[in-house]
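Undergrad: After the sequence you'll find the predicted model.
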Amino acid sequence: MKFSQLMVELKIPLTQTSLTRPGAVDPELKGVAAIDCATANTLSFIEGKRYRSWITTTHASALILPEDPGFLAAATARNLAWVATPQPRWQFAQALQQFYQPWCPSPGIHPTAILEPTVQLGQGVSIGAHVIIHGPTVVGDQVCIHANSVIYPGVVLGDRTLLHANCVIHERTEIGQDCVIHSGAVLGAEGFGFVRTAEGWHKMPQSGRTVLEDQVEVGCNTCIDRPAVGETRIGRGTKIDNLVQVGHGCQIHSHCALAGQVGLAGRVTLESGVILAGQVGVADQVTVGAGALATARAGITQNIGEGEVVSGFPAMPSRLWLKATAILRRLPHRHHASQNSPMNARVSSNRGISK
Amino acid sequence: MKFSQLMVELKIPLTQTSLTRPGAVDPELKGVAAIDCATANTLSFIEGKRYRSWITTTHASALILPEDPGFLAAATARNLAWVATPQPRWQFAQALQQFYQPWCPSPGIHPTAILEPTVQLGQGVSIGAHVIIHGPTVVGDQVCIHANSVIYPGVVLGDRTLLHANCVIHERTEIGQDCVIHSGAVLGAEGFGFVRTAEGWHKMPQSGRTVLEDQVEVGCNTCIDRPAVGETRIGRGTKIDNLVQVGHGCQIHSHCALAGQVGLAGRVTLESGVILAGQVGVADQVTVGAGALATARAGITQNIGEGEVVSGFPAMPSRLWLKATAILRRLPHRHHASQNSPMNARVSSNRGISK
Amino acid sequence: MKFSQLMVELKIPLTQTSLTRPGAVDPELKGVAAIDCATANTLSFIEGKRYRSWITTTHASALILPEDPGFLAAATARNLAWVATPQPRWQFAQALQQFYQPWCPSPGIHPTAILEPTVQLGQGVSIGAHVIIHGPTVVGDQVCIHANSVIYPGVVLGDRTLLHANCVIHERTEIGQDCVIHSGAVLGAEGFGFVRTAEGWHKMPQSGRTVLEDQVEVGCNTCIDRPAVGETRIGRGTKIDNLVQVGHGCQIHSHCALAGQVGLAGRVTLESGVILAGQVGVADQVTVGAGALATARAGITQNIGEGEVVSGFPAMPSRLWLKATAILRRLPHRHHASQNSPMNARVSSNRGISK
């Protein structure tokens, strides 16, 4: 596809592009690529300063750039095609959709799928080989369930929701519209609830249910448990990565993002827009305020206020953590420099910085 | 069910309840709920001070309470039905069983299940769709295997053991009676054993086996590996949560509890009654003494004595860790307050406490 | 098998063994065992000083020992059969293969497996029950796919590659020769890529692919994602343990080893021979130099040079971390000993060491 045609498809006025310039090129685009891996006839993007210098060396033929005159001038100097936009990454995502459509099986029910008589099916569903759906279960329109997934009774799957292969959806789980559940995820299994008695651990029955609102995405092999009573709830538009543990009774509000290997203990509340980076843990019954951000590996043991940015374990404000860990790294030098009087600040001006 | 009838079902003498009081109510109970979510005609429970104030505001109609006169008086003041017990949580678990029975498929072997001729089947088994059982394998009485689970040869499944969907049980795994294996768990796979050679990593054959004693519970997508030689063993009554890694040759004794995302390296020993909270890690060949407790995210690198309570990484006594991390948080303030003489204690009385 | 016969099978000259000594025994070996669990008529091994004392107490009848005269003399004193070798662990692995062959199903395609017409099959393949292979896909010679695995379209499986049960291999994944993918692993699923917009998280299409070179091993329930553009690549001979997360676009070079629950964010580069111990995390776009080693639970947030050994979070040189954490443990004692002048080194000589 010509660059100019792509602009038409994306509904971008030519005035935002290099095409109005005299002598502008209009390259044929064969695909998209990351800026540092791009080859001729590919489209790429740059969104911030980190990759700015790549404009002068990339092999890409066209670039999506921020509305920064310096960036545009550099691209123009190399006679590259470009489009300027306040959101280069978002625009790149749009462009990608012109070149790539994810694989989706055709509608229809594979003859080896097993649907119990009380399963209620919508229009245009696609159900893969060896899928088992216990009833009563409601399957919405255009739902797609990949091979070997298992659905326990009492489940609701909203319209256009997609389940990848080998998922397990346990009893009384309700999944909204336009959700994506990746391969191997397990939703609605029994929470880890036991009562300690003299004879050992006594199982607390897990009678609750699990609710995913619309547009939720759940990563591969991620587990979301149901509680003893009440519900575990994942809010609209929340995205969860691979190998995440969501304990029984958690309340995750809308538009949160949980990166890989995050773990939430029981009854955690994440208010709207919370972002937890990789391997973050949250202790039971803790509330994380709206818009808060925990950097990778933070361990949150107490409530976090709205919009706070926390790091470390126990989690503290990120700026404080950066300072505290920087000092921690220097302690051995201080200690060494003052063997007879460890921790004595008088000699600390002689210390080195560990590398 | 009336509250009074529930007391009869649970074999609780009326003298332990509010029912002997003049004017006592006997509400109709329609279900159970957490104290902060309870609605009219539900039963709830309170076990400690943390939720005590909810007695005055909960919408529950009946409460399971500790034997504390203050709690009972508060409930009586609102004319709620109550029962007093030394173990409210345990009693609540018993009550829950009156209102909820987990779903279980009927006995029988689904026609799409594949059992090799050398599989030896007990009485009253339930085997779901597309289950594969390689032989020789012994399946005990009343065993229930949900859809799409795979059993390699040489496995033993004790009576009444339950396997949820999409589990994989590898060769030479022996599972005792009354165990529950949750969806996606993988038991008895090859341990991660390689020998480093000039040509790269050389596989150490993993000829050992995996043993789960009676009443063991294994969480969703948890992995328990077999060793090169000998066995990996999980003791009677031990409960393991989701996404836990148990390395090759671990010896976990009876009645331990391992929360979500715990990781045990190879040949770890957990003596009886050890509790590991979420995301705890234990280094290879370490022994954790009976009754020891590791708080969330502790990283245990050395042997831990009986009954110790440890935290942090490297794990240290929890009280010490609380103090050490509290000091760590304050270091930047000290540092800042004494720029010309960092770490000088003389100025530390002026420091603030970070929030 | 006699010990002497085993030496013949392993092509070990008798001069490296105890057999040339007058009165040497030649025990019948019935199996192999760890040194501390060995019983009569088993073979075991010792590779370092840690287990040296077991030579005088083990019940093993034959030992693989390092070429250390003290070790050999101790074994001779007990009239045990022994073989001396520079690499006892490697030799033990060789010996194990004489006693143990992993179970492998016979070649052939199970009648319940579903192969789409465009699947191209090699010679001698073994395809288990309920496997689904979407086409076009290329399956090499002697490939073995265990029950219930699912293969999306556009996959290549190299000769002799083994997939255990319930794996999912997503579209456009290429797996080399002699790879082993353990049960429940998910390869090539969509990376966790979203663009934040005013309406919420907008999905970045994941059009890239996933490549595993030859002799790669992937653990149970491990997830390796594909990127938006370009590829995620795992180098020749790299071994990955259970429950590991490899984010979109990572480049792992040859002969690396990643232990259980390691997490790599997006676009991480691990150069050749990197070793990451259990629960290590690496932040996005970080490069870890060839031969570097991260000890358990290290959190790598910045580039690491070749051959560095790092620990802690944020990761620092291991020696520095050991010192820093040792000091951290002592801070409360200092603090306590100097309440009126906390951190004052003058009183630190009185401090105790916490146990």
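TA: Ah, there it is. Residues are numbered from 1 along each chain as shown, chains lettered A, B, ... in the order given.

Undergrad: Residue A:48: neighbour count?
TA: As a burial measure, residue A:48 scores 11 neighbours (other Cβ atoms under 10 Å in any protein chain shown). Every residue, glycine included, has its C-beta placed from N, CA and C.

Undergrad: next one: residue A:186
TA: There are 30 residues near residue A:186, going by other Cβ under 10 Å.

Undergrad: which residues of the stretch 1-150 of chain A score low on pLDDT?
TA: Within the stretch 1-150 of chain A, no range satisfies pLDDT under 70.

Undergrad: Which single residue of it ends up nearest chain B?
TA: Nearest residue of the stretch 1-150 of chain A to chain B: residue A:150, at 3.9 Å (Cβ to the nearest Cβ).

Undergrad: How about that residue: what's its closest non-neighbour residue?
TA: Nearest residue to residue A:150 in three dimensions, chain neighbours excluded: residue B:165, at 3.9 Å (Cβ to Cβ, 6 or more residues apart in numbering or on different chains).

Undergrad: residue contacts, the one you found?
TA: A:132, A:150, A:152, A:168, B:128, B:146, B:147, B:148, B:149, B:183, B:184 (Cβ atoms under 8 Å, 6 or more residues apart in numbering or on different chains).

Undergrad: dump the residue contacts of the fifth one.
TA: Same thing as residue B:128. A:132, B:105, B:110, B:113, B:145, B:146, B:147, B:148, B:149, B:165.

Undergrad: From residue A:24, how far off is it?
TA: 63 Å (Cβ to Cβ, to the nearest Å).

Undergrad: And for residue A:43?
TA: From residue A:43 across to residue A:24, the span is 15 Å (Cβ to Cβ).

Undergrad: Between the two, point out the one with more neighbours.
TA: The neighbour comparison of residue A:43 against residue A:24 (other Cβ under 10 Å) goes to residue A:43, with 28 against 17.

Undergrad: where does the more buried one land in three-state SS?
TA: Going by DSSP: H, G, I helix; E, B strand; the rest coil, the secondary structure assigned to residue A:43 is strand.

Undergrad: for it, what are its contacts?
TA: Here residue A:43 is in contact with A:3, A:6, A:29, A:31-33, A:60-64, A:92, A:95 (Cβ under 8 Å, 6+ apart).

Undergrad: Turn these into JSON lines, including distance to chain B, secondary structure and neighbour count.
TA: Formatted as JSON lines, the contacts of residue A:43 follow (distance: Cβ to the nearest Cβ, whole Å; DSSP: H, G, I helix; E, B strand; the rest coil; neighbours: other Cβ atoms under 10 Å in any protein chain shown):
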{"residue": "A:3", "distance to chain B": "45", "secondary structure": "helix", "neighbour count": "23"}
{"residue": "A:6", "distance to chain B": "41", "secondary structure": "helix", "neighbour count": "21"}
{"residue": "A:29", "distance to chain B": "41", "secondary structure": "coil", "neighbour count": "21"}
{"residue": "A:31", "distance to chain B": "34", "secondary structure": "strand", "neighbour count": "16"}
{"residue": "A:32", "distance to chain B": "33", "secondary structure": "strand", "neighbour count": "26"}
{"residue": "A:33", "distance to chain B": "32", "secondary structure": "coil", "neighbour count": "22"}
{"residue": "A:60", "distance to chain B": "36", "secondary structure": "coil", "neighbour count": "30"}
{"residue": "A:61", "distance to chain B": "40", "secondary structure": "coil", "neighbour count": "22"}
{"residue": "A:62", "distance to chain B": "42", "secondary structure": "strand", "neighbour count": "29"}
{"residue": "A:63", "distance to chain B": "41", "secondary structure": "strand", "neighbour count": "28"}
{"residue": "A:64", "distance to chain B": "38", "secondary structure": "strand", "neighbour count": "28"}
{"residue": "A:92", "distance to chain B": "33", "secondary structure": "helix", "neighbour count": "24"}
{"residue": "A:95", "distance to chain B": "36", "secondary structure": "helix", "neighbour count": "25"}
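
Undergrad: Can you pull the residues of the stretch 51-200 of chain A lying near chain C?
TA: Within reach of chain C by Cβ under 8 Å from any Cβ of the partner chain, the stretch 51-200 of chain A has these residues: A:87, A:89-90, A:92-93, A:96-97, A:99-100, A:102-103, A:105, A:112, A:128-130, A:146-148, A:164-166, A:182-184.

Undergrad: Which of those residues are buried, as a ChimeraX select command?
TA: Buried members of these, defined by 16 or more other Cβ atoms under 10 Å in any protein chain shown, are picked up in ChimeraX with:
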select /A:87,89,90,92,93,96,99,105,112,128,129,130,146,147,148,164,165,166,182,183,184
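
Undergrad: Keep only those of the residues of the stretch 51-200 of chain A next to chain C that are in helices.
TA: Mapping these onto helices (DSSP state H) picks out A:89, A:90, A:92, A:93, A:96, A:97, A:99.

Undergrad: Tell me if I'm right that the first one and residue A:44 touch.
TA: Put plainly, it is residue A:89. No. In this structure residue A:89 lies outside contact range of residue A:44 using Cβ atoms under 8 Å: 11.4 Å.

Undergrad: so how far is residue B:41 from the residue nearest to residue A:251 when sequence neighbours are not counted?
TA: Ranked by Cβ to Cβ, 6+ apart and with sequence neighbours excluded, the top spatial neighbour of residue A:251 is residue A:269, at 4.6 Å. Going from residue A:269 to residue B:41 by Cβ to Cβ gives 26 Å.

Undergrad: Quickly list what residue A:17 is bridged to.
TA: Beta-bridge partners recorded for residue A:17 (DSSP bridges): residue A:83.

Undergrad: Next, count neighbours for it.
TA: Per other Cβ under 10 Å, the neighbour tally for residue A:17 reads 24.

Undergrad: Residue A:76 now?
TA: 16.

Undergrad: now residue A:126
TA: With other Cβ under 10 Å as criterion, residue A:126 counts 18.

Undergrad: Please give me every residue in contact with it.
TA: A:104, A:105, A:106, A:107, A:108, A:109, A:142, A:143, A:144, A:145.

Undergrad: got the contact list for residue A:59?
TA: By Cβ under 8 Å, 6+ apart, the neighbours of residue A:59 are A:38, A:39, A:40, A:42.

Undergrad: Let's see that with 7 Å instead.
TA: A:38, A:39, A:40 (Cβ atoms under 7 Å, 6 or more residues apart in numbering or on different chains).

Undergrad: other SSEs contacting whichever strand or helix holds residue A:211?
TA: Per DSSP states H and E, residue A:211 falls inside strand A:209-212. Judged by 3 or more Cβ pairs under 7 Å, 6 or more residues apart in numbering or on different chains; DSSP states H and E, strand A:209-212 is in contact with strand A:173-175, strand A:223-226, strand A:231-234.

Undergrad: Okay, now the sheet partners of the first one, with direction.
TA: With DSSP bridges as the test, strand A:173-175 is paired with strand A:156-157 (parallel), strand A:209-212 (parallel).

Undergrad: Fine by me, thanks again.
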